[in-house]
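Asks: Based on what follows, work out the 3D shape:
(4 chains)
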4 protein chains.
Amino acid sequence: MATFLTKPLIVKPLQESRSEAVLRFGVIGYGYWGPNVARNLERLDETELVAVCDKSPAARRKAAKAYPDVLITADAAELLFSSEIDAIAVVTPVWTHYELAKAALENGKHVFVEKPFTSNAAQAEELIELADRKNLKIMVDHTFLFTAAVNKIKQLLQDGSLGELYYYDSTRVNLGLFQHDVNVVWDLAPHDLSIIDHLIQKTPEAISATGQTHLNGHEDVAFLTLYFPGKIIAHINVNWLSPVKVRTTLIGGEKKMLVWNDLEADEKIKIYDKGVSVSSTEGVYNLLVNYRTGDMWAPQIEQVEALHRELAYFTECILKNEVPINDGRAGLRVVRMLEAASESLRQRGALIYL
Amino acid sequence: MATFLTKPLIVKPLQESRSEAVLRFGVIGYGYWGPNVARNLERLDETELVAVCDKSPAARRKAAKAYPDVLITADAAELLFSSEIDAIAVVTPVWTHYELAKAALENGKHVFVEKPFTSNAAQAEELIELADRKNLKIMVDHTFLFTAAVNKIKQLLQDGSLGELYYYDSTRVNLGLFQHDVNVVWDLAPHDLSIIDHLIQKTPEAISATGQTHLNGHEDVAFLTLYFPGKIIAHINVNWLSPVKVRTTLIGGEKKMLVWNDLEADEKIKIYDKGVSVSSTEGVYNLLVNYRTGDMWAPQIEQVEALHRELAYFTECILKNEVPINDGRAGLRVVRMLEAASESLRQRGALIYL
Amino acid sequence: MATFLTKPLIVKPLQESRSEAVLRFGVIGYGYWGPNVARNLERLDETELVAVCDKSPAARRKAAKAYPDVLITADAAELLFSSEIDAIAVVTPVWTHYELAKAALENGKHVFVEKPFTSNAAQAEELIELADRKNLKIMVDHTFLFTAAVNKIKQLLQDGSLGELYYYDSTRVNLGLFQHDVNVVWDLAPHDLSIIDHLIQKTPEAISATGQTHLNGHEDVAFLTLYFPGKIIAHINVNWLSPVKVRTTLIGGEKKMLVWNDLEADEKIKIYDKGVSVSSTEGVYNLLVNYRTGDMWAPQIEQVEALHRELAYFTECILKNEVPINDGRAGLRVVRMLEAASESLRQRGALIYL
Amino acid sequence: MATFLTKPLIVKPLQESRSEAVLRFGVIGYGYWGPNVARNLERLDETELVAVCDKSPAARRKAAKAYPDVLITADAAELLFSSEIDAIAVVTPVWTHYELAKAALENGKHVFVEKPFTSNAAQAEELIELADRKNLKIMVDHTFLFTAAVNKIKQLLQDGSLGELYYYDSTRVNLGLFQHDVNVVWDLAPHDLSIIDHLIQKTPEAISATGQTHLNGHEDVAFLTLYFPGKIIAHINVNWLSPVKVRTTLIGGEKKMLVWNDLEADEKIKIYDKGVSVSSTEGVYNLLVNYRTGDMWAPQIEQVEALHRELAYFTECILKNEVPINDGRAGLRVVRMLEAASESLRQRGALIYL
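Replies: Below you'll find the model as predicted:
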């Protein structure tokens, strides 16, 4: 396989940092998401954007226009081997993450990696071990963990408002964008898998996944079920062939239930004071099922850019030497779920234990 | 196991039929759905409601008030063995269907049976064989096949408007009602399974089902995937623990896609002139994915009561000696899918071939 | 003009009342709304439905089928002059209300009258005076006052949750039904006018109304503005030519604001913890406008039939000799607003003082 | 009254234009909307942004960051009297439009003015006369005329799809932003007034307006009715005190009706094949009202930035010496409607003839 690092590794000196206090970042990959990472690194007080790398001339022109004072290059090595860079943001296709992150870590740089972390668990484990050894930080870009919506759900779970969790059921469908290198599971499901990992704080016992390929050889429709210890079940519906965009998650708890519609401008989360209880179980026909229905409540959700909060947090973790919640191990857990899902998908739903 | 027919079988003569031309119906079961069946049998010109049976005194009082001139009884035998009844509507819990339908057929009566047809395939096969032998009709109450919405979708598939079918993805969730004798799959999925059977006109190759039990010992959350020959995949999401009621089906075709929201009063079906095509497959990186986006169109859907149309059709099938689309064999196909789903559910998603 | 009472007034004795305690009702008018009135009078413990009158043979057949034991007649006089009837429900077109209610009151019967109360204020005043003199009750069918939604809004105003009321703005539009005898204002606005009268508890100072006639000589689109003492303003948008049905009211208060969407099944009322305040008024450019945005809350609204509650309340008012909130005077206030609106409409928005 | 042009008029030379072919623009006002005007002038091939003026240091810093090569100044005179500028965009509060536009025109510059055009009709008339005399173009920023939605509605009216127009009814409400110098009518209604002017192509005969002041001395809730020749009526509901944002317009025609919801991402316009007709008018009781209900259709609307199209069109009008549809006369028509509405508002709905 051709490597992403094809050019000879010539290190070009960067200009002097504006301040000793700041973390100097290089961004590799300036396609769809990279510009957002760069923009936030530019905005944050504690970070300095010093270099952007992309193989596409158009992307480089765009970057040069946005950041006239920043080094723009087609050669990742200029960033990876620079002594003027403290941290690298890897915002490239999945199959390049391992190689780039490894080079960055080996050269003493902290790494912010786009989700999913790596193409397989072995790569993730190696990167984690490398970072630990070098005392460097890895953060995997599980952006949703930094949204006000997920924070609110996490809080409702932690403070007991929802009661014991019953299920998490997400529908994340839209028309395209078909990816060339991964299927719809690797493209869309990492969002939910990282959220689930964050909310439930348990490793799923096993995963079953089904789906179908219609167009370009990758599954474009897929359905994942995750079995957790206890009675928690999670389900994820991802689809590149939907005429409408849907981002709706139902979360059912013993005491309350909620609907999270991420496409709503103002009322993203609606919490229903509804529940079901069973008052007797002496034989199936004596069972009394009670339904409770109360108010609905949509808490005010602050409007902040999640990526901004995430990068500020990464900076803080580096400066204070703390472990991010979305560290390499979190990334690894998601990759393991993706690997299990892929294996189950190949076997049309067969249960794969983690 | 105790049988549903506990009383001695004494046949009580019914009053004379109002006309020789009509089909005289008895309805067994006057709980949630039975009153609707009775009301429509009363309304139809070709049918006459002559008897209603229910074990519950409250249900019998209700029936007596609605139909003062009709025989109301607690004893199903009064209907099953009456020479004054031509057809029996069995609107009772699933586990009683086989016994009641068998008795009706053995006594020369056509049978309209609530969905799902029977508790297992063997029962369904026996009833089909019995009806064939006696030249009697079985209709399984797959009501949705007679809605204007399903008719419109069927037409769009048949006339090629949607192009080749890619997927059918239904979400059918709400709070309760928990059933005592069956899980959420047997309660809610028969609707979709009968619709899929009607639309796709193929038998699924295999089924994978996942789900979880939280309260009364039956699965209250479940997810089914059906693999069909070719690239068609169907998915059904059923849930008794949802804070909101959802009845939404996405259907993706090669040429067009549609969203069927059965809870919409006026615009139940929205057809999107959207599509995705792949213009080259020479290597994964040369693949060009093209998206097409055009108008949305919500056809006017006539407002008719599906059950009324279904019972009129049943009458017609009996009088003309024709085979209903939703005959015992259609009911059997759905029961086989339910059995496969149950088996897969027990094995947490293991693929069960049909 | 031909009167509604065309037949000679021959009193036919009704059958004996089932109980001395109950109020015996006759219903005049069994068209669109009359059947609901009759059904609820039949259901209530304290009332007995003893007679139904309608000039249409089809309506009488329908009534006879629903109530086999009740006197069904084409002759209103049979009800109005019967000694077996305690109260009359007048559910006929507006232009007949005065004559029928007057005859009922003169014959010692309490009167429940469909909205709007009468065709003009003079008629209403005469009926009120007559009822007072005879110590009889008039209730005008302002059904919305008995909905859980209006009750909740009333409570929020009374307990200070909304703060000082700023405005009431209702949109009540749909396709048809064109009335033959009145315009869209007399058809649809009485709902809002009676709600406003109930919520605000003040008489508007003046009304401005605009609108247009397109089809049958009556205004089919109209807009009313009511100026109340203080800063309260109310606006009502009624339209028979709308492609979609809308029943949405915005209510703005100093402390909170709400949206009442009566077409929502579950979340009819959404209360927004939002507000605007002005912190300084020293010159227009020093004015600081502050916006506050908090949670949204949809209280659980009980699902009761408003008409049932209203008729139970009417019975209670009669039996306890209490004045209903929706008595003749409430009906008169609404008629005065309608008269002012009509006059303003004729003058294309000219302000009419009440 | 203090003038906006307080500084001595010293003309500072601008740098050379990049090309002889382009129109060189100066933008006065870089607050809420100005940056959008500047950005589009920068993007267009035919225009060059050469100067930005704003009195606020913060706004100037923002402009300087966005356009490092452009003259940034606090002094409007630097733009107005520059020989290097061909056209001025006036994006300042209403009360400054007249003075700035007049100075620009007197100095030979074409003028693009924010809506509403001027504070009164006399000012507008003077500017129009001045521009005509100097052969310069005025364009008033009626941006909505350049949206795909308004274009589609215009087309449906012109090609007869909707049939004869019955009414235009717009609801344009939200929380704030309270303006300091104008009321909600001058702030929000110009959008609808310019759209109505464009769609109906007739001058309204008269206007009635009602409303109320609650907070800062300007009306924050208002309702306008416009009477047009024939049976066309228009209604505009504007409100700064609404808890929810609404941008919905109902348009009723003889043949079809439509709902334009500008907040919808994808289906902004829904066209209903619905209508009402009267088949006989021989006396009010023989009148037969017929309702027709057919399909709903949401045409694909292109996603273009209206302001971009508008500025490209302005450039074209200047270069080809053509009269824009939204010229000074269109601006004047809207100002006259606003003046009439203001007068009516003062008189609480009194009809003001235009």
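Asks: Up against chain B, what does the stretch 251-354 of chain A have?
Replies: A:252, A:257-259, A:270, A:272, A:274, A:276-278, A:281, A:284-285, A:287, A:289, A:291, A:293, A:344, A:347-351 (CB under 8 Å from any CB of the partner chain). Every C-beta, even on glycine, is put in place using the N, C-alpha and C of the backbone.
Asks: try 7 Å this time
Replies: A:252, A:257-259, A:272, A:274, A:276, A:278, A:284-285, A:287, A:289, A:291, A:348-351 (CB under 7 Å from any CB of the partner chain).
Asks: Report the separation between residue A:336 and residue D:69.
Replies: The spacing between residue A:336 and residue D:69, counted by CB to CB, to the nearest Å, is 52 Å.
Asks: More neighbours: those two, which one.
Replies: residue A:336 (19 against 8; other CB atoms under 10 Å in any protein chain shown).
Asks: element containing the more buried one, please.
Replies: Taking DSSP states H and E as the criterion, the element that holds residue A:336 is helix A:328-346.
Asks: Which SSE is immediately downstream of that helix?
Replies: Criterion used, DSSP H and E; the element after helix A:328-346 is strand A:352-353.
Asks: partner strands of that following strand, parallel or antiparallel?
Replies: Take DSSP bridges as the rule and strand A:352-353 pairs in its sheet with strand A:206-213 (antiparallel).
Asks: okay, now the closest residue to chain D within the stretch 51-200 of chain A: neighbour count?
Replies: For the stretch 51-200 of chain A, the residue positioned closest to chain D under CB to the nearest CB is residue A:68, at a distance of 7.9 Å. Here the number of neighbours of residue A:68 (other CB under 10 Å) works out to 9.
Asks: And for the one 10 residues further on?
Replies: Using other CB under 10 Å, residue A:78 has 23 neighbouring residues.
Asks: Give me the phi and psi angles of it.
Replies: For residue A:78, the backbone dihedrals (degrees, to the nearest 10) come out as phi -60, psi -30.
Asks: ok, residue A:291 touching residue B:175?
Replies: Yes - if you go by CB atoms under 7 Å, residue A:291 and residue B:175 touch, sitting 6.2 Å apart.
Asks: contacts for stretch A:328-337?
Replies: When contacts are taken as CB atoms under 7 Å, 6 or more residues apart in numbering or on different chains, the neighbours of stretch A:328-337 outside the stretch itself are A:113, A:115-118, A:120-121, A:124-125, A:127-128, A:131, A:138, A:140, A:142, A:190, A:193-194, A:197, A:203-204, A:207, A:354.
Asks: what does stretch A:218-230 give?
Replies: In this structure, residues lying in contact with stretch A:218-230 by CB under 7 Å, 6+ apart are A:178, A:182-185, A:189, A:196, A:200, A:202, A:204-214, A:233-241, A:341, A:345, B:167, B:210, B:223, B:225, B:233, B:235, B:348-349.
Asks: Now it: buried residues?
Replies: A:218-228 (16 or more other CB atoms under 10 Å in any protein chain shown).
Asks: Output it as PDB, restricted to C-alpha atoms.
Replies: Once side chains and other backbone atoms are set aside, the C-alpha atoms of stretch A:218-230 remain, and they are given as PDB (Å, rounded to 0.1, in the frame of the first residue of the first chain):
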ATOM      1  CA  HIS A 218     -19.800  -0.200   0.500                       C
ATOM      2  CA  GLU A 219     -22.800  -0.700   2.700                       C
ATOM      3  CA  ASP A 220     -25.000   2.400   2.300                       C
ATOM      4  CA  VAL A 221     -27.700   1.300   4.700                       C
ATOM      5  CA  ALA A 222     -27.000  -0.400   8.000                       C
ATOM      6  CA  PHE A 223     -28.400  -1.100  11.400                       C
ATOM      7  CA  LEU A 224     -26.400  -1.800  14.500                       C
ATOM      8  CA  THR A 225     -27.600  -3.300  17.800                       C
ATOM      9  CA  LEU A 226     -25.300  -3.100  20.900                       C
ATOM     10  CA  TYR A 227     -26.000  -5.400  23.800                       C
ATOM     11  CA  PHE A 228     -24.800  -4.000  27.100                       C
ATOM     12  CA  PRO A 229     -24.600  -5.600  30.500                       C
ATOM     13  CA  GLY A 230     -27.900  -5.400  32.300                       C
END
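Asks: Please work out the average pLDDT along that stretch.
Replies: This predicted structure assigns stretch A:218-230 an average pLDDT of 97.
Asks: Next, check the residues of the stretch 251-354 of chain A next to chain B against the strands and list the overlap.
Replies: Judged by DSSP state E, the subset of those located in strands is A:252, A:257-259, A:272, A:274, A:276, A:278, A:289, A:291.
Asks: The nearest residue to residue A:39 once chain neighbours are set aside and residue B:90, how far apart?
Replies: Once flanking residues are discounted, residue A:39 sits nearest to residue A:66: 7.6 Å by CB to CB, 6 or more residues apart in numbering or on different chains. Here the criterion is CB to CB. By it, residue A:66 lies 71 Å from residue B:90.
Asks: more crowded one of the two?
Replies: Using other CB under 10 Å, the more surrounded residue of residue A:66 and residue B:90 is residue B:90, with 27 against 16.
Asks: what about residue A:93, how many neighbours?
Replies: Here the neighbour count serves as a burial measure; for residue A:93 (other CB under 10 Å) it reads 15.
Asks: What separation is there between the nearest residue to it once chain neighbours are set aside and residue A:96?
Replies: Spatially, and ignoring its direct neighbours in sequence, residue A:93 is nearest to residue A:181 (5.5 Å; CB to CB, 6+ apart). Using CB to CB, residue A:181 is found at 10 Å from residue A:96.
Asks: So for the two, which sits in the more crowded spot?
Replies: Ranked by neighbour count (other CB under 10 Å), residue A:181 and residue A:96 place residue A:96 first, with 20 against 14.
Asks: Make sure the more buried one is indeed in a helix.
Replies: Yes - residue assignment for residue A:96, taken from DSSP: H, G, I helix; E, B strand; the rest coil, places it within a helix.
Asks: Tell me, what's the model's pLDDT at it?
Replies: 97.
Asks: what does residue A:285 give?
Replies: Turning to residue A:285, the model gives it a pLDDT of 57.
Asks: go on, residue A:13?
Replies: The predicted local confidence for residue A:13 comes out at a pLDDT of 39.
Asks: Over to the one 10 residues further on?
Replies: Model confidence at residue A:23, given as pLDDT, is 96.
Asks: quick revisit: in PyMOL, select just the buried ones from the contacts of stretch A:218-230.
Replies: In PyMOL, a selection of the buried entries from those looks like this (16+ other CB under 10 Å):
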select buried, (chain A and resi 178+182+183+184+185+189+196+200+204+206+207+208+209+210+211+212+213+214+233+234+235+236+237+238+239+240+241+341+345) or (chain B and resi 167+210+223+225+233+235+348+349)
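Asks: Run a quick neighbour tally on residue A:259.
Replies: Per other CB under 10 Å, the neighbour tally for residue A:259 reads 21.
Asks: who touches the residue nearest to it when sequence neighbours are not counted in this structure?
Replies: Once its chain neighbours are removed from consideration, residue A:259 has its nearest residue in residue A:270; the separation is 4.9 Å (CB to CB, 6+ apart). If a contact means CB under 7 Å, 6+ apart, then residue A:270 has A:258-259, A:296, A:298 as its contacts.
Asks: got those as TSV, with pLDDT columns?
Replies: Rendered in TSV, the data for the contacts of residue A:270 read as follows (pLDDT from 0 to 100):
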residue	pLDDT
A:258	98
A:259	98
A:296	96
A:298	96
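Asks: For those residues, could you give me a markdown table that also reports distance to residue D:34?
Replies: What follows is those, written out as a markdown table (distance: CB to CB, whole Å):
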| residue | distance to residue D:34 |
| --- | --- |
| A:258 | 42 |
| A:259 | 40 |
| A:296 | 41 |
| A:298 | 35 |
